[in-house]
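Peer 1: Coordinates for the following, if possible.
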Amino acid sequence: MMLILLYNNTILLQITEKKSHSRLSSNIISYLKKMKLIVASVLLLVATVTASNSSDVDYDVVVYGSTPAGIAAATAAGVLGMKVALYEPLKMIGGMGAAGNLALNDGGNGAEHTGLALNFTLLNGKHYGVPGQVAHPESFVAEASFRTMLANANVKTISLDCRVTGATTAMSQGISKIQSASFFCEPKPITATVFIDASYDGDLMVAAGDIDYTAGREANTTYNESLAGARVPGFKDVGGPQHVDALYPNGTILKFVKNISELPPPGSADDALMAFQHRMCISGEESRVPWPKPDGYNPDDFLLLQRALDASNGNPSFFTRMPPSRLPGLPSNINKYCLCCGITIYASDQPNLNKGWANASWERRQEIIADHTYFELGSFYYLANDPRVNESVRNLYNQYGLCGDEFQEFGNIPPQLYIRISNRLVGDYVITQNNISNPRNKNDSIGVGDWSFDEHMAGKYAVPVGDGKYEVMLEGNFWPGNGWYDVSYRALVPKRGQGANLLVPVCISASMVAYTSTRIENMFMSLGSAAGVAAKQLVDGSVGTVQDVNVTEVQDILSNIFKQRVHGPPGSGPPPGPPPAKWYNVTGAGTAAWNGQYVPRSDGIFYNTNPNCAKSPNEPCALYSEGRTWRLAYHGVELEYVAGEESGSAPPLTGWQLANGSAPAPTLIAGPK
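Peer 2: Have a look, this model is predicted:
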């Protein structure tokens, strides 16, 4: 099957499929009609459609984890005609995008959203009647927007409360592939051509059993990273009260504080993870739910909170401002807020509780989640009710509570814990502190990151300060800036020979330090979209492994169909297309002299290497753009062939038209990028 995508009479994309799907063209047409928010005036011409030959598997693509990356992966794959199943371990879709009450908050409404991320924010805006984006809607609005995207992409199998329980692999000629995956809700293993692990913990990747991955902090010598490994506890970049006693009167360590003996020497590797938390929805509406008293509540567990209050003259802002931050873009008449973070000895972030999370069983993880809920609800309940807290503080906290119309099935607590980091793929290419933005542009980029290094505290320790005294100190936090950067496709794929049909757009191949920047949901949507698009080449039989995917084709589809920026820098203009190739071959031109290889010179123009193709010695045959329209011409003298209107940042390979040249018009072949 050949698919040609025209936009304003210009060919944007031409796809020839080895193993085609009759649903491909209708899905793209349907998607583009429904998603008029980002693409319009589209005509698709399709010839010679044949039936699918993928009946030997249950699905073309299985996506595990309905995180924003998973939603994007499933949507992209569905739009491109693949039969997709989406499995989610929780009872609500969306990951931090909906079930976690974060959406695309980081960066706010002013952050650049492109591709499916833009589509999501505009759908949210449409719900509120806002003529633009809403990056952080209410959770039920985010969930509805995600479901709209999936429905419009014809993704019909969405299974909730369905965690992965195992996977089988098969080895052939030294290459391992996932043969099937078992899920809690399925009576038998599920087969697919491609698996996409878009979960926050990489549990499908781990279940495969033969894919390299890691968790915790690498030593600073592993990748020669200055920010890696364990760090010295102290008060550097720490706000709020300091020099607070870490011991109960009986000499034991306060709850939520660890013994310093558990921390390895500075720069050493360990299994520590930055703090998790629930990004709770907090409301000042009359419908709010008063802070519930958690099961097993003991006010003595919160003695550190009281000591921090005493050291702050009763000001509780070290825990959280009240109210916390508004949801970016939300209409001002809605009084809802999102709990977040803080780098203080008693912030709503609580390190230590997630110890052992990455490799814990499902049951143990539920206990860890419950520990976080106890800390968070217990802290709010203490501030709102304990008589040791100043009356003015108690009154302030009682003006707010949990959002009464959010997460009702889950006790008004987001079911998705904010797992900021967990297991991470180790591929042949690893993003590190040193290469994340050096160079900023990467030829095989499929998304753009622009978040700083952002490591929340990884430990809270009782540190001896002399005379038998111990003070509470934090460890692990850092956030130096690093600017924008392209993200290589290689970060999504396992080492060659491993996981040849697995793509990992969340637990990507990155060091702990680099992951502190790449872990943003907005970018996860870009990486998920790329994974969904890349899967097509394996489903169609164009390539046999994810390591052999033609990234140029992925970039073209991301740029032209999904309008996703694949190369930085981010900005307010339209997402740029892929960079020009190193050379182009022009073939089939009726004026034969124009055929041949064109290579760039220092002026950025591509010139024919045949010296006979010239109007004069100073007027050689040239391939160049004027505005955004590409031309084959004697530069500035005579136009021979033109590539239609608004043909983009790289010359199109087809769709050329006659000017003064003879018929037929040529086609182009791009050299490597």
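Peer 1: Which parts of the stretch 401-550 of the chain are helices?
Peer 2: Per DSSP state H, counting those that start in this stretch, the stretch 401-550 of the chain carries helices over the ranges 512-518, 521-539.
Peer 1: Could you pull out the helices in the protein for me?
Peer 2: Taking DSSP state H, the helices of the chain run over residues 23-34, 68-79, 115-128, 139-152, 203-208, 303-311, 362-385, 391-397, 512-518, 521-539, 551-560.
Peer 1: Let me know which of these is tucked in deepest.
Peer 2: helix 68-79 (a mean of 33; mean count of other Cβ atoms under 10 Å). Heads up, the C-betas are built off the backbone N, CA and C, glycines and all.
Peer 1: now that one, how far from the chain's geometric center?
Peer 2: Put simply, helix 68-79 sits 12 Å off its chain's centre (Cα atoms, centre = their mean, to the nearest Å).
Peer 1: Keeping just the C-alphas, turn stretch 260-275 into CSV.
Peer 2: Output of stretch 260-275 as CSV, limited to C-alpha atoms (Å, rounded to 0.1, in the frame of the first residue of the first chain):
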residue,chain,number,x,y,z
ILE,A,260,23.2,8.3,59.2
SER,A,261,24.9,4.9,59.2
GLU,A,262,22.6,3.8,56.4
LEU,A,263,24.1,6.4,54.0
PRO,A,264,27.2,5.3,52.0
PRO,A,265,30.3,7.5,51.5
PRO,A,266,29.9,10.5,49.2
GLY,A,267,30.0,9.6,45.5
SER,A,268,29.1,6.0,46.1
ALA,A,269,26.4,4.1,44.3
ASP,A,270,23.3,3.1,46.3
ASP,A,271,19.6,2.3,45.9
ALA,A,272,18.2,5.6,47.0
LEU,A,273,15.4,7.2,45.0
MET,A,274,14.3,10.8,45.2
ALA,A,275,11.2,11.4,47.3
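Peer 1: If you average the pLDDT over that stretch, what comes out?
Peer 2: Mean per-residue pLDDT for stretch 260-275: 97.
Peer 1: Residues contacting that stretch, please?
Peer 2: For stretch 260-275, contacts defined as Cβ atoms under 8 Å, 6 or more residues apart in numbering pick out 215-222, 228-233, 349-351, 353-358, 420-422, 455-459, 461-464, 475-477, 516.
Peer 1: Let's have the helices of the stretch 401-550 of the chain in CSV, adding distance to residue 173 and mean pLDDT.
Peer 2: Formatted as CSV, those follow (distance: least, Cβ to Cβ, whole Å; pLDDT from 0 to 100):
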stretch, distance to residue 173, mean pLDDT
helix 512-518, 33, 98
helix 521-539, 16, 98
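Peer 1: Tell me which of those helices lies nearest to residue 336.
Peer 2: helix 521-539 (18.5 Å; Cβ to Cβ).
Peer 1: got the angle for the closest one vs helix 115-128?
Peer 2: Angle between the axes of helix 521-539 and helix 115-128 is 120 degrees (criterion: axes from the mean of the first three to the mean of the last three Cα atoms, to 10 degrees).
Peer 1: what's the angle from helix 521-539 to helix 551-560?
Peer 2: 130 degrees.
Peer 1: Give me the packing partners of helix 521-539, helices and strands only.
Peer 2: The contact analysis (3 or more Cβ pairs under 8 Å, 6 or more residues apart in numbering; DSSP states H and E) places helix 521-539 against strand 59-64, helix 68-79, helix 115-128, strand 190-197, strand 445-449, strand 485-488, strand 502-503, helix 551-560.
Peer 1: Can you lay out the ones you listed as JSON lines showing mean pLDDT and distance to residue 248?
Peer 2: Listed next are the helices and strands packed on helix 521-539 as JSON lines, based on pLDDT from 0 to 100; distance: least, Cβ to Cβ, whole Å:
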{"stretch": "strand 59-64", "mean pLDDT": "98", "distance to residue 248": "44"}
{"stretch": "helix 68-79", "mean pLDDT": "98", "distance to residue 248": "43"}
{"stretch": "helix 115-128", "mean pLDDT": "96", "distance to residue 248": "47"}
{"stretch": "strand 190-197", "mean pLDDT": "98", "distance to residue 248": "43"}
{"stretch": "strand 445-449", "mean pLDDT": "96", "distance to residue 248": "44"}
{"stretch": "strand 485-488", "mean pLDDT": "96", "distance to residue 248": "47"}
{"stretch": "strand 502-503", "mean pLDDT": "98", "distance to residue 248": "49"}
{"stretch": "helix 551-560", "mean pLDDT": "96", "distance to residue 248": "56"}
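Peer 1: Quick one, which of these gets closest to residue 140.
Peer 2: helix 115-128 (9.7 Å).
Peer 1: Just the angle for that closest one relative to strand 445-449, thanks.
Peer 2: 50 degrees.
Peer 1: contact partners of helix 115-128?
Peer 2: 35, 37-38, 68, 71-72, 75-76, 97, 103-104, 109, 113, 131-135, 137, 141-142, 144-146, 148-149, 329-331, 522, 525-526, 528-529, 558, 562-565, 575.
Peer 1: Next: stretch 373-391.
Peer 2: Contacts for stretch 373-391 (Cβ under 8 Å, 6+ apart): 256, 277-278, 280, 290-297, 299, 301-302, 305-306, 309, 314, 316, 319, 339, 346, 348, 350, 353, 393-394, 397-398, 413.
Peer 1: same thing with stretch 222-237?
Peer 2: With Cβ under 8 Å, 6+ apart, stretch 222-237 has contacts from 217-220, 242, 260, 263-270, 272, 343, 430, 432-434, 453, 455, 458-459, 461, 463, 473-480, 511-513.
Peer 1: Would you write a PyMOL line that selects the buried entries of those?
Peer 2: The buried subset of the contacts of stretch 222-237, as determined by 16 or more other Cβ atoms under 10 Å, is captured in PyMOL by this line:
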select buried, resi 217+218+219+220+242+260+263+267+268+269+270+272+343+430+432+433+453+455+458+459+461+463+473+474+475+476+477+478+479+511+512+513
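Peer 1: Fine by me, thanks again.
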